[in-house]
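In: how would this look folded up:
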Amino acid sequence: MRAFQAVVSVLALAFAIVSALEAQEARGTLLGRITDPSKAVIVGAQIEVLNTGTGVRLKSATNASGDYIIPFLIPGPYTMTVESPGFRTYTRSGIVVRVNDQVAVNVTMEVGRLPRRCR
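Out: You can find the predicted model right below:
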């Protein structure tokens, strides 16, 4: 019985420590999915976020599911730019990341204009 109580006490202490560590995270995350107008995912789209308060830029790319995640963002205002060949560049300003936030920004890219042929 004492061994059981000791195990329960150790697990409770470990849980308390982990909970306290999670509560101290001061950064946020930007995540979402990039699709085309037909809702098909865009693989390999390039995402750049700019913290407009500090000037810090971070980059990411979409995975095979069209998803991206940019963790460990310092709280503040951000501008997001998404680029992919064949699509118009997407830019969104005024994204606010707060402490321990997970901000979802899903983007539907517009098909870009085809280059003119040389005559």
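In: C-alpha from now on. contacts and neighbour counts both.
Out: Fine.
In: Show me the strands in the chain, by range?
Out: Assigned by DSSP state E, the strands in the chain fall at 28-35, 46-51, 57-61, 67-73, 76-83, 90-97, 102-104, 107-108.
In: As a markdown table, those with mean pLDDT and mean neighbour count would be great.
Out: Listed next are those as a markdown table, based on pLDDT from 0 to 100; neighbours: other CA atoms under 10 Å:
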| stretch | mean pLDDT | mean neighbour count |
| --- | --- | --- |
| strand 28-35 | 98 | 20 |
| strand 46-51 | 98 | 20 |
| strand 57-61 | 97 | 16 |
| strand 67-73 | 97 | 19 |
| strand 76-83 | 98 | 19 |
| strand 90-97 | 97 | 15 |
| strand 102-104 | 97 | 16 |
| strand 107-108 | 98 | 16 |
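In: Now do the contacts for Pro37.
Out: Going by CA atoms under 8 Å, 6 or more residues apart in numbering, Pro37 touches 108-111.
In: again, 10 Å this time
Out: 107-111 (CA atoms under 10 Å, 6 or more residues apart in numbering).
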